[in-house]
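Trainee: Just the structure for this:
(chains A and B)
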Amino acid sequence: MKSDELKSGSKQLKTASEHGIQALWHFLAELSHRCPLQCPYCSNPVQLEKKTGELTTDEWKSVIDQAVDMGMHQIHLSGGEPTVRHDLEDIVEHCTVKGLYTNLITSGVLLNPDRLKKLEKLGLEHVQLSFQDTDNENADRIGGYKGGHAKKLEVAKWVREVELPLTCNCVVHRQNIDNLENFIQMALDLDAERVEIAQVQYYGWALKNRAAFIPTPEQLDHATEIVEKARIDLKGKLVIDYVIPDYYAKHPKNCMGGWGRRFLNMNPKGEVLPCHAAETIPHLKFDNVREKSLKWIWENSEAFNLYRGTDWMPDPCKSCDRKEIDWGGCRCQAMALTGDAKNTDPACSISPLHKEIFAMAAEEARRAPPEFIYRRYGVRFNSPI
Amino acid sequence: MKDILKINESVKPKFPKHVRFRHNKARDEWVILAPERLVKLDPVAVEILKLVDGKVSVGEISTDLSKKFNAPKEVIMKDVIEMLQELSDKGFIEE
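Mentor: Residues are numbered from 1 along each chain as shown, chains lettered A, B, ... in the order given. The predicted structure is shown next:
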């Protein structure tokens, strides 16, 4: 906790409009942290929210109205598992009425054909279905859910039957990366428009399990070759989005398009976050839509304004000519790996800690993978690492 | 599996189901929306895309625009094909 840093910082914090940031584009709505799967790389915070704290249907509708008035283009209905909520249909219908591009990010295992048909009728525009691997046994082991993969293949067919567009979300790591070509083939076989090949990013649960997931540099290079070839071969047929683990990148990722510039995340109890991992930064205080308007929060919330723009940056970010390209990389990763969220993201090759962390990760990748620490709903840990 | 689309005069372009060409009221701007994608458009692109409905051909779109902007059809059609091909390669336009 760095309370002195916050105090001195608050006085000079600029608001969104003072940064020239007009309105938000993307909204990640975590409807619930409940989920039947237990993926050890889950992007939810390590401390999961209970059902009793979740926002009501009317509270969600009110937030959606506010976001539309702020110029939002897209809403991603996510979780946990968004389909655990029985009012998902009401929320989708409301998004449609408001003219939002509405995307469902789901594990699929709780869906049935009737519910999908209904969601499509109510205006749902796209489904992102997660896959843990391409073979049953390993996929079910990673997701911690027996029969999950077979069910997902069925769900993908139902999605296409109601003519909903489909993206296969494939999270890859050292324990499934050898199946990369099969992932792409699976997306083609399932008639998906798009496949997302995302290497695990290491925060929260994934950081706990990093040694089990991090690929070797050789595995990564091979994977990148496969993706690049497929992108050429399948141009105009299948859109392939590819995210590498940023430990092995030269420049850090342009995380969230810059802190508080175009994206916000709302957790199940109504706290508004600049990214879905922001709760891993312990000194951030989040404002809640139960107390303040979304517009006020976007404009004034300290959690947003602390790392907006470039004024907060120390060197080497401050003097870097890429500071308005990658915005210093990821604050959560800087916090997790250096203990200070203001430091340069160690994924950046200019970070003084880059070599050390790269070497540590590469060493982990060469050893046998340890057992997973599963993300189990209801289990609480005291520390994020 | 879908085939690669080569845009020419007779193609009748349309937006795939997961792609929306939409006017954002709060911002007063037209954009293309797709999963985790947002394409900002210049005024010329907006004029072209307003005519895209899966029923009219690239040639007809170009004729319309050449009248509207009082410019030779061939010049307009070159721009129309180039823009639609780029969008098609990225999965934002199909036939």
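Trainee: distance between stretch A:295-311 and the chain's centre?
Mentor: 20 Å (CA atoms, centre = their mean, to the nearest Å).
Trainee: Report the mean confidence score over that stretch.
Mentor: Averaging pLDDT along stretch A:295-311 yields 94.
Trainee: Same check on stretch A:134-154?
Mentor: Averaged across stretch A:134-154, the pLDDT comes to 95.
Trainee: List the contacts of that stretch.
Mentor: A:36-40, A:107-109, A:129-133, A:175-176, A:179, A:182-183, A:186, A:190, A:372, A:374, A:376 (CB atoms under 8 Å, 6 or more residues apart in numbering or on different chains). C-beta coordinates here come from the backbone N, C-alpha and C atoms, glycine included.
Trainee: What segments of chain A are helices?
Mentor: A:3-12, A:57-69, A:88-97, A:113-121, A:136-143, A:148-161, A:180-189, A:204-208, A:210-213, A:217-233, A:294-300, A:302-305, A:331-338, A:354-366 (DSSP state H).
Trainee: Residue A:228 and residue A:221, how far apart?
Mentor: Between residue A:228 and residue A:221 the computed distance is 11 Å (CB to CB, to the nearest Å).
Trainee: Equivalent analysis for residue A:182, please.
Mentor: From residue A:182 across to residue A:221, the span is 19 Å (CB to CB).
Trainee: again, but for residue A:110
Mentor: The value you get for residue A:110 to residue A:221, if CB to CB is used, is 38 Å.
Trainee: Equivalent analysis for residue A:180, please.
Mentor: Residue A:180 is 12 Å from residue A:221, by CB to CB.
Trainee: Next, the contact list for residue 33, please.
Mentor: Assuming you mean chain A. A:44, A:48-50, A:79-80, A:267-268, A:377.
Trainee: I was thinking of chain B, sorry if that wasn't clear
Mentor: Contacts of residue B:33 (CB under 8 Å, 6+ apart): A:73-74, A:101, B:19-22, B:39.
Trainee: same question, residue A:320
Mentor: residue A:350.
Trainee: Show the backbone phi and psi for it.
Mentor: Reported as degrees, to the nearest 10, the phi and psi values for residue A:320 are phi -90, psi 140.
Trainee: and if you look at the one 3 residues further on?
Mentor: Phi and psi for residue A:323, reported as degrees, to the nearest 10, are phi -60, psi -30.
Trainee: Over to residue B:40?
Mentor: Dihedral angles (degrees, to the nearest 10) for residue B:40: phi -80, psi 150.
Trainee: count of neighbours near the residue of chain B found nearest chain A?
Mentor: Closest contact between chain B and chain A, by CB to the nearest CB, is at residue B:18 (3.0 Å). By the measure other CB atoms under 10 Å in any protein chain shown, the count of residues near residue B:18 is 23.
Trainee: which one is it nearest to, not counting chain neighbours?
Mentor: residue A:165 (3.0 Å; CB to CB, 6 or more residues apart in numbering or on different chains).
Trainee: Contact partners for the one you found?
Mentor: Residue A:165 touches A:125-127, A:193-194, B:16-18, B:35, counting by CB under 8 Å, 6+ apart.
Trainee: now residue A:301
Mentor: A:272, A:286-287, A:292.
Trainee: Can you flag which of these belong to strands?
Mentor: Mapping those onto strands (DSSP state E) picks out residue A:272.
Trainee: Let's see if you can find the most crowded of the contacts of residue A:301.
Mentor: In terms of neighbours by other CB under 10 Å, those top out with residue A:272 at 23 neighbours.
Trainee: Show me what that residue is bridged to.
Mentor: Under DSSP bridges, the beta-bridge partners of residue A:272 are residue A:266.
Trainee: Tell me how many other residues surround residue A:60.
Mentor: Neighbour tally, residue A:60, other CB under 10 Å: 25.
Trainee: Chain B: strands as residue ranges?
Mentor: B:20-24, B:29-34, B:37-40.
Trainee: Would you list the phi and psi of the closest residue to chain B within chain A?
Mentor: Across chain A, the shortest distance to chain B (CB to the nearest CB) belongs to residue A:165, at 3.0 Å. Phi and psi for residue A:165, reported as degrees, to the nearest 10, are phi -70, psi 150.
Trainee: Could you check the pLDDT of it?
Mentor: For residue A:165, the pLDDT comes out at 91.
Trainee: Run through the residues of chain B sitting next to chain A.
Mentor: B:1-5, B:16-18, B:20, B:22, B:24-27, B:31, B:33-36, B:38, B:88-91 (CB under 8 Å from any CB of the partner chain).
Trainee: rerun at 7 Å
Mentor: Residues of chain B lying near chain A by CB under 7 Å from any CB of the partner chain: B:1-2, B:4-5, B:16-18, B:20, B:22, B:24, B:26-27, B:31, B:33, B:35, B:38, B:88-89, B:91.
Trainee: which of the residues you listed count as buried?
Mentor: B:5, B:18, B:20, B:24, B:31, B:33, B:35, B:88, B:91 (16 or more other CB atoms under 10 Å in any protein chain shown).
Trainee: ok, and what's touching stretch A:52-67?
Mentor: Outside stretch A:52-67, the residues that touch it by CB atoms under 7 Å, 6 or more residues apart in numbering or on different chains are A:27, A:32, A:75, A:87, A:90-91, A:94-95, A:98, A:266, A:268-270, A:289, A:293-295.
Trainee: Just the buried ones among those residues, please.
Mentor: A:27, A:32, A:75, A:91, A:94-95, A:98, A:266, A:268-270, A:289, A:294.
Trainee: What strands flank the worst-scoring helix or strand of chain B on mean pLDDT, and is each parallel or antiparallel?
Mentor: Ranking every helix and strand in chain B by mean pLDDT, DSSP states H and E puts strand B:37-40 at the bottom, with a mean of 87. Under the criterion DSSP bridges, strand B:37-40 sits next to strand B:29-34 (antiparallel) in its sheet.
Trainee: That concludes my questions; thank you for your assistance.
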